[in-house]
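Asker: quick check, what structure comes out for this input:
(chains A and B)
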Amino acid sequence: MSSNMRILIVDDAPPMRKIIGKMLKGLGYTNIAEASDGGDALRVLRSDHIDFIICDWNMPGMTGIELLRTVRADSHFKNLPFLMVTAESKKKNVIEAVRAGVSNYVIKPFNQKVLEEKLNAILTSTAA
Amino acid sequence: MVTTEIDPFVEATADVLAMMADTEVEVVSIREDANTKVKSDFAGIMGLAGRELSVAITLAFPQGTIVPIAAAMLEETPEEALESAPTVIGELLNMVSGQARASLAEADVDLDMALPTVVKGDGLALVADDAVKVVVVEFKTAEGSFVLAVCVDRKGG
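Answerer: Predicted coordinates:
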């Protein structure tokens, strides 16, 4: 997958969507969609072509982990790369996300380099 | 001073601002006080609670410090950054608490996080309860100073 892939950023905090979007643009990914929670993300997924999801864990309405489970249970989206971005660093949360089928996990705070490493790790494993 | 519990919040504040806002910070002073009053224009407050410990942290910024930081983080004009400042402070608090909580978990201190609350007002003053000791850490950045206040309550002692 190349830098023209369409990436959906899901976060209830507009500043975080902007920061992640800024980092992605710095990495050459300019085809970006946004959603403010899991429910909003599902609407985008059903009406748009999304290649990659970057999602916050804690959100009002449908949370990141609920969105992940919904996506993995849907035959259209079950293989969609899904990067969880969160301040939730507890081991039990990581295990819960892995069991739900997360592609990778990045803990806030993070910088562009960390995001690039996580994206590349997912894209490499998806391509393999 | 209870540095075991305070240090993770101080380190997390420096890390979060460096990583997410490209802002280097320097600790100017650390003091422990009862009857503490913190003055600022924007203040974010968050509670963390566990079996042995409750912690309340406050990040308090003068407008002159947070607006340039938010503007740089979000590539916004100062006017836009002024509007974004409360949500930026809420996110900074989430990240500071998340990182500090992970450090404390390594010392078997397990804390759950509440949601942050951010208040704003010209020269607002936050006053701690007389009976509560608060550690006030003053930071300096290229844009100005700000304050981290940490209040630790040990349950049963």
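
Asker: distance of A:Lys90 from B:Met113?
Answerer: 10 Å (CB to CB, to the nearest Å). Quick note: C-beta positions are derived from backbone N, CA and C, even for glycine.

Asker: same drill for these two, tell me which one is more crowded.
Answerer: B:Met113 (19 against 15; other CB atoms under 10 Å in any protein chain shown).

Asker: before we move on, back to that, and for A:Lys90 and B:Met113, which residues touch both?
Answerer: Shared contacts of A:Lys90 and B:Met113, defined by CB atoms under 8 Å, 6 or more residues apart in numbering or on different chains, are found at B:Arg101.

Asker: show me the contacts for residue 6.
Answerer: If you meant another chain, say so; for now it's chain A. Per CB under 8 Å, 6+ apart, neighbours of A:Arg6: A:Asn31, A:Ile32, A:Ala33, A:Asp48, A:His49, A:Ile50, A:Asp51, A:Phe52.

Asker: my bad, chain B
Answerer: B:Ile6 touches B:Ile30, B:Val135, B:Val137, B:Val150, B:Val152, counting by CB under 8 Å, 6+ apart.

Asker: would the strand ranked longest in chain B count as contacting chain A?
Answerer: Taking DSSP state E as the criterion, chain B has its longest strand at strand B:37-49. No: Strand B:37-49 does not reach chain A (CB under 8 Å from any CB of the partner chain); its nearest approach is 10.9 Å.

Asker: buried ones in the following helix or strand past that strand, by neighbour count?
Answerer: Going down the chain from strand B:37-49, the next helix or strand is strand B:53-61, by DSSP states H and E. Along strand B:53-61, these residues count as buried under the neighbour rule (16 or more other CB atoms under 10 Å in any protein chain shown): B:Leu53, B:Val55, B:Ala56, B:Ile57, B:Thr58, B:Leu59, B:Ala60, B:Phe61.

Asker: how about the contacts made by the second one?
Answerer: Just to be clear, that refers to B:Val55. Counting by CB under 8 Å, 6+ apart, B:Val55 has contacts B:Glu5, B:Phe9, B:Gly47, B:Leu48, B:Ala49, B:Leu111, B:Val150, B:Cys151, B:Val152, B:Asp153.
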